[in-house]
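A.B. asks: take a look and give me a structure for this.
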Amino acid sequence: MAPFFLSPISLYSVYLRFCFTSSGLSRQAVDIDDNTTLHFWGPDPGKKITTIHKPSLILIHGFGPISLFQWRKQVQFFAPHYNLYVPDLIFFGESTTKSSERSEIFQAECVAKLLEKLGVEKYSVMGTSYGGVVAYHMARMWPERIEKVVIANSGVNMKRSDNEELVRKSKLGSIGDLMLPKEVSQLRTLMRLAVYGRSIHMIPGFFLNDFIHQLYTKNRSQKLELLKGVIFGKNETVNISPLQQDVLLIWGDHDQIFPLDMAYELKGLIGKKVKLESIKDASHVPQIEKPIQFNNIVNSFLSG
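C.D. replies: Below is the predicted model:
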């Protein structure tokens, strides 16, 4: 691993932390029970007077880098208007558990317990990819707490055949090799599927190696257990309970991990108050690829 001052990702993470702190968030940790500790970014406890009249919004990251790398543009955009809570899910960042539970439902329970510990009674939730599945289960299990739901590029309705097709498309040995790359070639494959219209082959190998060492190496075995423990994508029959809340589905139209057709199917399954918005020339991470358009769509939905 490169020394800190020679690591582009380490240096970039310093900038990201500055973006979060300058938006009024601070890094915190809460023991939600005897087994589990969640680390998160949230409103600075020393500045409670500025948070009283704001609604709360929870941002849940996908399977990959920690929340710091996935929500920068959203934190900067929404922080003036919302009390933001941005957790690192279990085994991402410093969040950890002694429990043997590994499902996305367990992740949802942990985030809900965190908010309960913090005294956050009502909130909206936005999740991307794996985090969108977590957000769905939170909304399903606690409809009295959650006001609105945003699900971005998330295979809530993924079937076993969709999972198998993704592995075939990647030309890798397993879903673990794709979602937790340990070689530059595997990371290039993931980026090719997740990012639209970029010259992935032109990114220097040393930069991608640094990306892998800094963001994918830690807790790799536990994250592989999370992949084995997921419920979605295991069966060919989709079992989705409709949500009571207003729901926004927001999708990159060139997503190759969870294709847009999946969004149209999910729209018909997830409830009656569902709006679908697709973002042109974006793939699996539209909040990073097209942040201005993404933020405006979400803001219109939440404030509307």
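
A.B. asks: tell me what the helix or strand of the chain with the lowest mean pLDDT is packed against?
C.D. replies: When the helices and strands of the chain are scored by mean pLDDT, DSSP states H and E, helix 205-215 comes last with a mean of 91. Secondary structure elements in contact with helix 205-215, counted by 3 or more C-beta pairs under 8 Å, 6 or more residues apart in numbering; DSSP states H and E, are helix 8-22, helix 184-194. (C-beta placed from N, C-alpha, C; glycine too.)

A.B. asks: tell me the most buried of those helices?
C.D. replies: Most buried of those, by mean neighbour count (mean count of other C-beta atoms under 10 Å): helix 184-194, with a mean of 19.

A.B. asks: run the chain-centre distance for that one.
C.D. replies: Using C-alpha atoms, centre = their mean, to the nearest Å, the mean C-alpha position of helix 184-194 is found 18 Å from that of the whole chain.

A.B. asks: what's that helix packed up against?
C.D. replies: helix 160-170, helix 175-179, helix 205-215.

A.B. asks: ok, residue 104 touching residue 232?
C.D. replies: Yes: the criterion here is C-beta atoms under 8 Å, and residue 104 meets it with residue 232 at 7.0 Å.

A.B. asks: which neighbours do those two share?
C.D. replies: Common neighbours of residue 104 and residue 232, using C-beta atoms under 8 Å, 6 or more residues apart in numbering, are residue 133.

A.B. asks: residue 32 contacts residue 112, doesn't it?
C.D. replies: No: using C-beta under 8 Å, residue 32 makes no contact with residue 112, being 9.2 Å away.

A.B. asks: list the contacts for the residue nearest the centre of the chain?
C.D. replies: Geometric centre of the chain, nearest residue: residue 61, 1.9 Å, by C-alpha atoms, centre = their mean. Counting by C-beta under 8 Å, 6+ apart, residue 61 makes contact with 67, 70, 71, 86, 88, 89, 92, 127, 128, 130, 131.

A.B. asks: again with residue 73
C.D. replies: 287, 288, 291, 294, 295.

A.B. asks: hmm, try it at 7 Å
C.D. replies: Neighbour list for residue 73: 287, 291, 295 [criterion: C-beta atoms under 7 Å, 6 or more residues apart in numbering].

A.B. asks: so which of the residues you listed wins on neighbours?
C.D. replies: residue 287 (27 neighbours; other C-beta atoms under 10 Å).

A.B. asks: buried residues, stretch 239-246. List them.
C.D. replies: 240, 243, 245, 246 (16 or more other C-beta atoms under 10 Å).

A.B. asks: please, where are all the strands along the stretch 1-150 of the chain?
C.D. replies: Along the stretch 1-150 of the chain, counting by DSSP state E, counting those that start in this stretch, strands occupy 25-31, 36-43, 56-60, 83-87, 96-97, 123-128, 146-152.

A.B. asks: give me the mean pLDDT for the shortest one.
C.D. replies: On average, the pLDDT along strand 96-97 is 98.

A.B. asks: again with the second one
C.D. replies: With pLDDT averaged residue by residue, strand 36-43 scores 98.

A.B. asks: and if you look at the last one?
C.D. replies: Averaging pLDDT along strand 146-152 yields 98.

A.B. asks: give me the contacts around it.
C.D. replies: Applying C-beta under 7 Å, 6+ apart, the set of residues contacting strand 146-152 is 122-128, 132, 135-136, 138-139, 243, 245-250, 286-287, 298, 301-302.
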